[in-house]
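>>> Fold the following and give me the result.
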Amino acid sequence: MRLLALLFAGLALSALAQTPPAEILVRSTFEGIPALVLSNDKLELTILSQGGAFANLALRDDPEKLSPYWNPRRMAREDGRRPPSGFEAGHFVCVDGFGPVSEQERAAGLPGHGEANKQAWRVVAAARSGKTASVTFSVDLPLVEERFTRTVRLVDGENVVYVESGLESLLAFDRPICWAEHATIGSPFLEPGKTAVDLRAVRAKTRPHDPKPGPLPHRLASSLEFTWPMAPDGSGQLIDLRAAPPNPNSGDHTTALMDMNRKWAFVTALHPEKRLLVGYLFHPQEYPWVQNWENYPPTLKMARGFEFGTQPFDVPRREVIDLRSMFDAPVYRWLPAKSKIESRFLFFYTRTPEGFQRVDEVSLEQGVIRIEDRTAGKSITLSASLEP
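Prediction:
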């Protein structure tokens with residue numbers, strides 16, 4: 001396959017977004033939304049042109065093409081409801097801002113979860129070098145006067161997606177920013193009593209919640225610290241959060257602090273019967289927190305977010321800054337004047353061996369990801385030649 005290196009400026013940026021190089025990107029649609037498909041011989045990743053979400057992820061040799069990601073449009077349609085109009089699906093980025101906005105910000109037009117997942121993303125470069133295909137996106141955030149860039153890479157023969165991102169300030173003063181990667185799995189990959197989420201947390205806490213009933217009842221107590229994954233319910237009993245309950249009818253939110261002394265933190269979701277595993281590796285110094293968002297309606301159209309980011313809960317910016325810290329860990333990140341900050345993470349999607357039931361550890365060393373189920377005495381190794 002011949003080398004491609006396409007760099008455009010000005011009007012050519014939008015043209016490339018409409019006509020990506022066929023050897024690297026394929027134009028497509030996802031639930032009626034324009035999308036681009038980046039693939040290798042192992043994986044196929046669908047990226048929305050509007051909002052940049054990783055909307056669909058599939059193994060190339062899977063006849064069912066089962067994606068672990070949350071698809072709210074499909075689930076609403078199957079449930080007889082009107083599909084949502086937004087572009088939030090699968091894994092989308094929340095920057096600059098994570099959660100609802102203040103009254104004044106709303107009046108100024110600032111959306112919840114930041115601007116990046118609402119804007120049209122431009123393809124500014126797409127290239128193949130040897131076994132590696134890459135695409136770089138750029139999106140302007142006009143209300144907060146920032147520019148977000150993201151490069152996604154796939155390597156032939158690997159079940160890994162590499163992501164590098166940058167956030168640039170266009171203003172002449174330092175400011176605190178809120179940034180989260182809203183990775184979300186959904187049904188049918190997310191199945192009651194089966195699909196299990198694993199991570200390694202130093203400390204964890206349930207989200208404070210209003211005693212008034214919401215769309216779904218809470219099964220967890222409000223604002224209590226716990227040791228992951230055993231969280232307290234309203235009666236003081238402990239609930240294992242790894243899997244959704246066998247009979248879903250609840251909505252809850254917890255946060256977990258990663259070990260800041262580790263080079264890599266991890267979070268995974270495993271369907272042991274389907275023998276499929278999706279997981280993320282990220283730097284805890286960049287993303288100290290993993291929020292566990294559970295949306296478990298009795299219709300079984302479920303969603304579960306393991307959202308790694310700069311803050312413990314998705315709340316308005318002013319609340320984040322007023323909090324200052326939690327568990328002696330940072331809850332926001334500084335963006336210096338006229339400067340850029342960066343982040344790197346990767347995610348993988350793979351089959352698991354028979355009897356693989358949980359993830360006790362994920363490590364990345366010398367270009368190899370090792371995933372361990374120590375109870376079963378089983379492990380998975382994946383090549384990761386572009387170790388960030």
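
>>> Next up, phi/psi of the most centrally placed residue in the chain, please.
Geometric centre of the chain, nearest residue: A183, 2.2 Å, by C-alpha atoms, centre = their mean. Per-residue torsions, A183: phi -80, psi 130 (degrees, to the nearest 10).

>>> My guess is it contacts G279. True?
No: with contact defined as C-beta atoms under 8 Å, A183 does not count as touching G279 (9.8 Å). (C-beta placed from N, C-alpha, C; glycine too.)

>>> Need the residues touching each of these two.
Common contact partners of A183 and G279 (C-beta atoms under 8 Å, 6 or more residues apart in numbering): V267, F347.

>>> and whatever helix or strand E168 lives in, what does it pack onto?
Element membership of E168, judged by DSSP states H and E, is strand 160-169. Here strand 160-169 touches strand 146-155, strand 340-351, going by 3 or more C-beta pairs under 8 Å, 6 or more residues apart in numbering; DSSP states H and E.

>>> Just give the number of residues close to the closest residue to P142 other than its chain neighbours.
Excluding its sequence neighbours, the residue lying closest to P142 (C-beta to C-beta, 6 or more residues apart in numbering) is E115, at 7.3 Å. Other residues lying near E115 total 22 when counted by other C-beta atoms under 10 Å.

>>> and of the helices and strands packed on strand 160-169, who's closest to R370?
Nearest of the helices and strands packed on strand 160-169 to R370, taken as C-beta to C-beta: strand 340-351 at 11.5 Å.

>>> could you give the angle of the helix or strand following the closest one to strand 340-351?
Sequence-wise, the next helix or strand downstream of strand 340-351 (DSSP H and E) is strand 361-365. Between the axes of strand 361-365 and strand 340-351, defined by axes from the mean of the first three to the mean of the last three C-alpha atoms, to 10 degrees, the angle is 120 degrees.

>>> Mind listing the strands the very next helix or strand once past strand 361-365 pairs with, and their directions?
Toward the C-terminus, strand 361-365 is succeeded by strand 368-373 as the next helix or strand (DSSP H and E). Using DSSP bridges, strand 368-373 pairs in its sheet with strand 361-365 (antiparallel), strand 378-383 (antiparallel).

>>> Distance to S187, mean pLDDT and mean neighbour count added to the ones you listed, as a markdown table?
Formatted as a markdown table, the strands paired with strand 368-373 follow (distance: least, C-beta to C-beta, whole Å; pLDDT from 0 to 100; neighbours: other C-beta atoms under 10 Å):
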| stretch | distance to S187 | mean pLDDT | mean neighbour count |
| --- | --- | --- | --- |
| strand 361-365 | 24 | 97 | 16 |
| strand 378-383 | 24 | 98 | 16 |
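
>>> The ones you listed: which one's closest to G86?
Among the strands paired with strand 368-373, the nearest to G86 by C-beta to C-beta is strand 361-365 (31.4 Å).

>>> Now do the strands in the stretch 151-300 of the chain.
For the stretch 151-300 of the chain, the strands defined by DSSP state E, counting those that start in this stretch cover 160-169, 175-177, 179-186, 196-199, 203-206, 225-226, 230-232, 238-240, 250-257, 265-271, 276-282, 289-296.

>>> Make CSV out of those and add distance to Q119 and mean pLDDT.
Shown next, in CSV, are those (distance: least, C-beta to C-beta, whole Å; pLDDT from 0 to 100):
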stretch, distance to Q119, mean pLDDT
strand 160-169, 14, 98
strand 175-177, 16, 97
strand 179-186, 15, 98
strand 196-199, 30, 98
strand 203-206, 33, 98
strand 225-226, 37, 98
strand 230-232, 36, 98
strand 238-240, 39, 98
strand 250-257, 27, 97
strand 265-271, 27, 98
strand 276-282, 23, 98
strand 289-296, 23, 98
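
>>> For R77, find the nearest of these.
Using C-beta to C-beta, the strands of the stretch 151-300 of the chain put strand 179-186 closest to R77, at 13.1 Å.

>>> Figure out how far that closest one is from the centre of its chain.
The chain centroid and the centroid of strand 179-186 are separated by 3 Å under C-alpha atoms, centre = their mean, to the nearest Å.

>>> What segments of the stretch 1-150 of the chain are helices?
11-18, 72-78, 103-107 (DSSP state H, counting those that start in this stretch).

>>> least reliable of the ones you listed going by mean pLDDT?
If you rank the helices of the stretch 1-150 of the chain by mean pLDDT, helix 11-18 sits at the bottom with a mean of 39.

>>> sorry, back to before: okay, the strands of the stretch 151-300 of the chain in JSON lines with distance to S385 next?
Below are these laid out as JSON lines (distance: least, C-beta to C-beta, whole Å):
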{"stretch": "strand 160-169", "distance to S385": "9"}
{"stretch": "strand 175-177", "distance to S385": "31"}
{"stretch": "strand 179-186", "distance to S385": "22"}
{"stretch": "strand 196-199", "distance to S385": "25"}
{"stretch": "strand 203-206", "distance to S385": "34"}
{"stretch": "strand 225-226", "distance to S385": "38"}
{"stretch": "strand 230-232", "distance to S385": "38"}
{"stretch": "strand 238-240", "distance to S385": "36"}
{"stretch": "strand 250-257", "distance to S385": "30"}
{"stretch": "strand 265-271", "distance to S385": "19"}
{"stretch": "strand 276-282", "distance to S385": "14"}
{"stretch": "strand 289-296", "distance to S385": "26"}
